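# Make a model of this:
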Amino acid sequence: MSKTKSTKQSRLIVWRGRFRRIAKFLADTPLPEILFLSTFVLIRWWNNSDFSYPREILLPVVAFTVLAIIVFYLYRAIFGPGLAAHLASLSLLYLFYVFQFIEGTRFGTAVYNIIPDGLSTAFTRCIILAILLGLLCGGSAWVVQRVTQRYKILRQLQLYKVILFAIAFIFALQVVRTGTRLFDLRHQLSYKYPAPALPAPSATAQSTKPDIYYLVFDRYTNSNVLKESFNYDNSEMTKFLDEQDFVIRQNALSNYPFTMSSIASTMAMNYFPELERKFGRDGSWQSAAPYRSVFNDPPIARVLKSHGYQYNQVSSWWDFARIGIKADSQPTRSYRLRVLNKPFYLSDLQRDIFFKSILSPWVKKGLTLFDKGVIKYDIDRNPIENFDAQMSSLKAIAARADKSTPQFSFAHVLAPHPPYIFDANGNIPSYDHESNDNGVDESVKYTSELTYLNKRIKDLITRIREDSPSSIIVIQADEGPYPKQFRGPMSATHYYNPLELPQKQMQQKFGVFATYYMPGIASEELSQLDSSVNVFRFILDNYLGYDLKMLPDCQLSSGNKFNIYNYTVVNDRLTGEALPAECRQYE
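Below is the predicted model of the structure:
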């Protein structure tokens, strides 16, 4: 054997020894538990990667890492190093991760039923159930370890090493899977919608700039669809608006069939052919991040801020209109987690992960040490509270004492969008709130909520007109109500595909309620505003001295909500008229 060969073998033996020592050390840490829980978080992001940013996994991973460390070292103190501590920790941590499900099982319900009413708070219930689960997992792990030690064949299986290897291997596979998805979406995730390239104003702007309210009542459809598809007469509302000098776009249609593309198009004052050119061929799974870049920093807000406006985002509970927004104020932003007094506003994905786990009652209870807040979840508005907060905030903006700074306020209001939280009188309905026919047909849920919503809109308009009479008020829905063909979860074989809808249902999906109050503009001139994409072009022209070209009124549909940057013009299918040639450029 040569000296060189002997040296290489010696080095290999040394490195193997080092690797074994490192592996042995890591095996006696909470790393397997951290990898185990992180795998589930990565899977959740992968399944939601069309709407969620990768950074949204960081906070849940950190939170579950802390939980894993605590649980593992408690069991290790009891059982010592080895199989039992890991088995108990892994099983208990999984039960903690799906804690909401455990609460709904017969076991969870039975435990909660025996707790005296005086002790039955969300926090105490979860503590008692957690202790029982901890004892169950610990006892089961102890039994497994004892049985394994007793029988030689089980010892030869090396169950301890098999479990640790399986955890590391599955985590590695999910990391590769996640990395592949990130690579596929890299251009979409990094895309920033450009600032609008508008020509300089050619005329002198009004000396006093009016406040502007852009109010989106999600899935509020036009009067024709309401009559034809829902047998609902909306004339009382339209009569009120006529009396308030609003102009209504009759039988208005959205430019795009879904909220993200529709609102983004209105606030960008443009269609999105460049998104199709950039991302239309990016596989079968696409991210909504390019649309979110419009929501995060809307072009119209940038233009108005350059003219001295303050931008107010009066957000709903949907995180597109709540997270990452470059607004001057967000008076209704909800779902705040304070860690060492630093606020984190949870995204929909983060909320879903946190509040299906045992962390929900714990962070809501909060932790304080030496009179300093360590962690606390607050501003947890339910849909009714969020709706009321939005209405109150909009009224407060109009009623502010100092009106020296003009305000641009965008409110995305999730009504009459499900869940159906109001009946016709504003009470909580007795029927199922979700998009189904449980209790009553969904059309009854929709029109009942719409009846009450109209009352609240009337009240809001009256208050704005009284407190800020020169304000521009744009009420323009983003999309129509979903037809029943769109029910059920999306999957690789079940898409929400507007292109597959018959004409009547397609008109329902594109139909929107659109009405405008613009003081100083003759109703005949305002009636020429015929498309959602043009509303802010019209405002900039008439109030800030611009001279922008009005775009053609085009309706463009994506094939489904997984492949969202391939557009087809559907004007002809919606109206029965010839397809406008000028709309082809936006496909």
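
# buried sites along the one helix or strand residue 137 maps to?
Secondary structure from DSSP states H and E places residue 137 in helix 122-150. For helix 122-150, the neighbour count (16 or more other Cβ atoms under 10 Å) marks 125-130, 133-134, 137-138, 141-142, 144-145, 148 as buried. Just so you know, the C-beta spots here come from the backbone N, C-alpha and C atoms, and that holds for glycine as well.

# Go ahead and list the helix or strand containing residue 390.
helix 383-399.

# what's that helix packed up against?
strand 310-314, strand 407-413, helix 442-467 (3 or more Cβ pairs under 8 Å, 6 or more residues apart in numbering; DSSP states H and E).

# which element follows the shortest one toward the C-terminus?
The reference is to strand 310-314. strand 336-339.

# Next: the longest one.
Scanning the chain past helix 442-467 towards its C-terminal end, the next helix or strand to appear is strand 472-476 (assignment: DSSP H and E).

# Roughly how far does the residue most central in space within the chain sit from residue 48?
For the chain, residue 319 is the residue whose C-alpha lies nearest the centre (Cα atoms, centre = their mean; 3.7 Å). Separation of residue 319 from residue 48 (Cβ to Cβ, to the nearest Å): 11 Å.

# for residue 221, what are its contacts?
Neighbouring residues of residue 221 by Cβ atoms under 8 Å, 6 or more residues apart in numbering: 229, 477, 480-481, 508, 511-513.

# again with residue 572
Applying Cβ under 8 Å, 6+ apart, we find residue 572 in contact with 578-579.

# what's the domain layout of this structure?
What automatic domain parsing lists as the domains of the chain is 3-187, 191-273+289-334+381-586.

# and among those domains, the most buried is which?
domain 191-273+289-334+381-586 (a mean of 19; mean count of other Cβ atoms under 10 Å).

# Quick one: mean pLDDT over that one.
For domain 191-273+289-334+381-586, mean pLDDT rounds to 94.

# Nearest spatial neighbour of residue 227, chain-adjacent residues omitted?
Nearest in space to residue 227, with sequence neighbours left out and distances taken as Cβ to Cβ, 6 or more residues apart in numbering, is residue 233 at 6.6 Å.

# so how far is the first residue of stretch 187-206 from its last?
One end of stretch 187-206 to the other measures 41 Å (Cα to Cα, to the nearest Å).

# Now do it: everything it contacts.
53-54, 182, 264, 268-270, 278-279, 282, 286-287, 289-290, 293-294, 297, 299-300, 302-303, 307, 540, 543-548.

# one step back: run the angle between the helix holding residue 390 and strand 407-413 for me.
Helix 383-399 runs at 160 degrees relative to strand 407-413, counting by axes from the mean of the first three to the mean of the last three Cα atoms, to 10 degrees.

# neighbouring contacts of helix 383-399?
211, 213, 215, 312, 314-317, 331-332, 334, 381, 407, 409, 411, 413-415, 419, 421-422, 428, 456, 459-460, 463-464, 467-468, 471.

# same question, stretch 147-162
27, 82-83, 86, 144.

# what is the rounded mean pLDDT of that stretch?
For stretch 147-162, mean pLDDT rounds to 75.

# what about dumping the CA coordinates of it to PDB?
Only the C-alpha atoms of stretch 147-162 are listed here, as PDB (Å, rounded to 0.1, in the frame of the first residue of the first chain):
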ATOM      1  CA  VAL A 147     -40.600  -2.900  24.100                       C
ATOM      2  CA  THR A 148     -37.800  -2.000  21.800                       C
ATOM      3  CA  GLN A 149     -35.200  -2.600  24.500                       C
ATOM      4  CA  ARG A 150     -36.800  -6.000  25.400                       C
ATOM      5  CA  TYR A 151     -36.800  -7.600  22.000                       C
ATOM      6  CA  LYS A 152     -33.600  -8.200  20.000                       C
ATOM      7  CA  ILE A 153     -35.300  -8.000  16.600                       C
ATOM      8  CA  LEU A 154     -36.600  -4.500  17.400                       C
ATOM      9  CA  ARG A 155     -33.200  -3.400  18.600                       C
ATOM     10  CA  GLN A 156     -31.700  -4.600  15.300                       C
ATOM     11  CA  LEU A 157     -34.200  -2.500  13.400                       C
ATOM     12  CA  GLN A 158     -32.500   0.600  14.900                       C
ATOM     13  CA  LEU A 159     -35.900   2.400  15.000                       C
ATOM     14  CA  TYR A 160     -34.200   5.500  16.500                       C
ATOM     15  CA  LYS A 161     -31.900   5.900  13.500                       C
ATOM     16  CA  VAL A 162     -34.700   5.100  11.000                       C
END
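
# just the helices in the stretch 451-587 of the chain please.
For the stretch 451-587 of the chain, the helices defined by DSSP state H, counting those that start in this stretch cover 503-510, 523-526, 535-544, 571-575.

# could I get those as TSV with distance to residue 69?
Below are the helices of the stretch 451-587 of the chain laid out as TSV (distance: least, Cβ to Cβ, whole Å):
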stretch	distance to residue 69
helix 503-510	49
helix 523-526	62
helix 535-544	51
helix 571-575	57
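
# Please name whichever of these is nearest to residue 112.
Set against residue 112 and scored by Cβ to Cβ, the helices of the stretch 451-587 of the chain come closest in helix 503-510, at 42.5 Å.

# For the closest one, which helices and strands make contact with it?
Using 3+ Cβ pairs under 8 Å, 6+ apart, helix 503-510 is in contact with helix 223-230, helix 571-575.

# For residue 341, give me its contacts.
372-373.

# repeat that with 10 Å
By Cβ atoms under 10 Å, 6 or more residues apart in numbering, residue 341 lies in contact with 372-376.

# Then residue 433?
Shown in contact with residue 433 (Cβ under 10 Å, 6+ apart): 383, 418-422, 439, 445, 449.

# Would you verify that it is located in a strand?
No. Read with DSSP: H, G, I helix; E, B strand; the rest coil, residue 433 is coil and lies in no strand.

# wait, residue 407 sits on residue 304?
Yes. Using Cβ atoms under 10 Å, residue 407 is in contact with residue 304, at 9.4 Å.

# Need the residues touching each of these two.
209, 212, 310-311.

# I'd like those residues as TSV, with distance to residue 364 appended.
Formatted as TSV, those follow (distance: Cβ to Cβ, whole Å):
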residue	distance to residue 364
209	43
212	37
310	33
311	31
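
# closest to residue 501 among those residues?
Of the shared contacts of residue 407 and residue 304, the one sitting nearest to residue 501 (Cβ to Cβ) turns out to be residue 212, at 33.8 Å.

# Tell me how far that closest one lies from residue 407.
Residue 212 sits 7 Å away from residue 407, going by Cβ to Cβ.

# Show me the common contact partners of these two, please.
Joint contacts of residue 212 and residue 407 (Cβ under 10 Å, 6+ apart) are 304, 309, 311, 471.

# circling back: tell me which element the residue nearest to residue 227 falls in.
Going by DSSP H and E, residue 233 is not in any helix or strand.

# hang on, the earlier thing: if we take the buried residues of helix 122-150, which one ends up nearest to residue 324?
For those, the nearest to residue 324 is residue 126 (31.3 Å; Cβ to Cβ).
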